[in-house]
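*Asks:* the following comprises the amino acid sequence and a computationally predicted model.
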Amino acid sequence: MIGETSSLAGQTVLLKGWVNARRDMGKVCFIDLRDRTGILQVVLVPSVLGEEGKELMKGLRSEYVLAIEGEIKDRDAKSINENIPTGKIEMLATKITILNAAKTPPFELDKDTRGINEEVRLKYRYLDLRTERMQKNIRLRDRVMQHSRQFLAKEGFTEIETPMLTKGTPEGSREFIVPSRLHPENFYVLPQSPQQFKQLLMVAGVERYFQFARCLRDEDQRGDRQPEFTQCDLEMSFVEREDVMDLVERLMTDMVKTVTPEKVIAQTPFPVMTYKEAMEKYGSDKPDLRKDKNDPNEMAFCWVVDFPMFETLDDGSVQAMHHPFCSVNPEDREKLMSGNDMMSIRANAYDLVCNGYEIWGGSIRIHERDVQNRIFELLGLSPEEIQTKFGHMLEAFEFGAPPHGGIASGFDRVMMILCNEPNIREVIAFPKTGDARDLLMNAPSPLPKKSLDEANIQVKK
Ligand code: ASP
């Protein structure tokens, strides 16, 4: 591997990788060979390569896939390159094999692709991902994920997968629906989040659950959103909101320290403010508290608590601001049960904000049947609707449901901040466009009639 070659001067090695760049100097030719561990300068000298090698050498182009055998040598002082880890050595090639040729890529891969048309980058995402910045982003994403997994495992959490084909869970968005072939006229819904399942796992005695969960929301084009995104989702039994907030604060602090030590956390413990204070003081429930908004390494976290339980939509209807499973501030329980002054009821909900983005959000939940039922009533659901939509949750609460609460991160946003990127598409391997198209696979796309018939679907023209 290229990353190991710095200590191998004098040895003959075999390397495999891509031609990152090629510089023809007439008598000799230089290749920057790239693999997942780095870039190495390879010197091709016709007299060393022999007749066959000479021919090959002429035909080499950017992004060709090569196996090269050669000797690692110290560079002479004047050609040392301090900018790359292998800058003190180079390889003198003795044998080249072309493993595969490559067409000229639609954009240059040895340069940052930030300025390239995004539709082209997304269509050729597998090439875009070869570039240095994108490689860094997806590998950092992996390291952050591994860090969270290890941290949470040490804290006694169990990672559990929950279903993708399920029934709706109300998190305030439109849902993707999947027709059932085996049960005509019936549908699955893709989960907006594992909310109900994770609460049921608390009833199941798991006590500490987490999951890197894919969430699906069929939203209209609005800002920097993706129809599918990732959450680090967790739930805990027998906790107060301070316990959940403390866990996440320790997780984030440890993550920044170990994975991105160049970042500086502006203030610890993270400041806490109520929704009311945030709105009055900053006019926003996600205030950007950075001292220097141009400092790419500053991370200014703050907690926002005591969100309103309900909000009124444009059409006058009332919905749960976070979701209907949040418990309410104990001081407001009276208002909840009586239904008086319900818009002033505060939810036992909390968000973690960083640099003006909401990056985690959660709440202490309701675990009592009558309280949960009351929320559904206040949201205007009829007893029949409550039963068909949420009967299973109400029933579960009757079998010894422990008090519980949890939280979930918008993991893509966390990565966007850690990678200093302006949008979440830069930290997702295969993102969709702002209007939810996958340009690489060409989705969504029409289906043949046979498939539609099998799925019992008739398309409206
Ligand atoms: N399910 C919630 C969400 O997706 C997070 C939580 O309450 O834990 O926003």
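*Replies:* Sure, I can see it.
*Asks:* write out the residues of the stretch 251-400 of the chain neighbouring the ligand.
*Replies:* For the stretch 251-400 of the chain, the residues in contact with the ligand (Cβ under 6 Å from any ligand atom) are 361-363. Any C-beta I mention is one placed from the backbone N, CA and C, and that applies to glycine too.
*Asks:* pLDDT below threshold where in the stretch 201-350 of the chain?
*Replies:* Along the stretch 201-350 of the chain, no part satisfies pLDDT under 70.
*Asks:* strands along that one, start to end?
*Replies:* 208-216, 228-237, 264-265, 272-274, 298-299, 301-305, 310-312, 318-320, 349-354 (DSSP state E, counting those that start in this stretch).
*Asks:* looking at the ones you listed, which is buried most?
*Replies:* Ranked by mean neighbour count, the strands of the stretch 201-350 of the chain are led by strand 349-354 with a mean of 25 (mean count of other Cβ atoms under 10 Å).
*Asks:* quick one on the thing from earlier: so can I have a markdown table of the strands of the stretch 201-350 of the chain showing distance to residue 108?
*Replies:* Formatted as a markdown table, these follow (distance: least, Cβ to Cβ, whole Å):
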| stretch | distance to residue 108 |
| --- | --- |
| strand 208-216 | 33 |
| strand 228-237 | 30 |
| strand 264-265 | 34 |
| strand 272-274 | 47 |
| strand 298-299 | 32 |
| strand 301-305 | 38 |
| strand 310-312 | 48 |
| strand 318-320 | 49 |
| strand 349-354 | 34 |
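*Asks:* these: which one's closest to residue 134?
*Replies:* strand 228-237 (17.1 Å; Cβ to Cβ).
*Asks:* related to what we said a few turns ago, which among the residues of the stretch 251-400 of the chain next to the ligand gets closest to the ligand?
*Replies:* Using Cβ to the nearest ligand atom, residue 362 comes nearest to the ligand of these, at 3.9 Å.
*Asks:* list just the nearest of the residues of the stretch 251-400 of the chain next to the ligand to residue 5.
*Replies:* residue 361 (46.2 Å).
*Asks:* and the closest one, that one's in a strand?
*Replies:* Yes - counting by DSSP: H, G, I helix; E, B strand; the rest coil, residue 361 is part of a strand.
*Asks:* how about the nearest residue to it, chain neighbours excluded?
*Replies:* Using Cβ to Cβ, 6 or more residues apart in numbering and skipping residues adjacent in sequence, the residue nearest residue 361 is residue 351, 4.5 Å away.
*Asks:* same thing with residue 230?
*Replies:* Nearest residue to residue 230, sequence neighbours excluded (Cβ to Cβ, 6+ apart): residue 411, at 4.2 Å.
*Asks:* ranges for the strands of the stretch 351-461 of the chain?
*Replies:* For the stretch 351-461 of the chain, applying DSSP E, counting those that start in this stretch gives strands covering 357-364, 404-410.
*Asks:* and those strands, which is most packed in?
*Replies:* Mean neighbour count (mean count of other Cβ under 10 Å) peaks for strand 404-410 among these, with a mean of 24.
*Asks:* output the contacting helices and strands for that one.
*Replies:* Packed against strand 404-410 by the contact rule (3 or more Cβ pairs under 8 Å, 6 or more residues apart in numbering; DSSP states H and E) you find helix 195-203, strand 228-237, helix 241-259, strand 349-354, strand 357-364.
*Asks:* point to the residue nearest the middle of this structure.
*Replies:* Centroid-nearest residue in the chain: residue 412, 3.0 Å away (criterion: Cα atoms, centre = their mean).
*Asks:* test my guess that that residue contacts residue 228.
*Replies:* No - contact criterion Cβ atoms under 8 Å: residue 412 and residue 228 do not qualify, at 9.9 Å.
*Asks:* could I get the buried residue list for the helix ranked longest in the chain?
*Replies:* Across the chain, the longest stretch assigned as helix under DSSP state H is helix 132-154. By neighbour count on 16 or more other Cβ atoms under 10 Å, the buried set for helix 132-154 is 134, 137, 140-141, 144-145, 147-148, 151-152.
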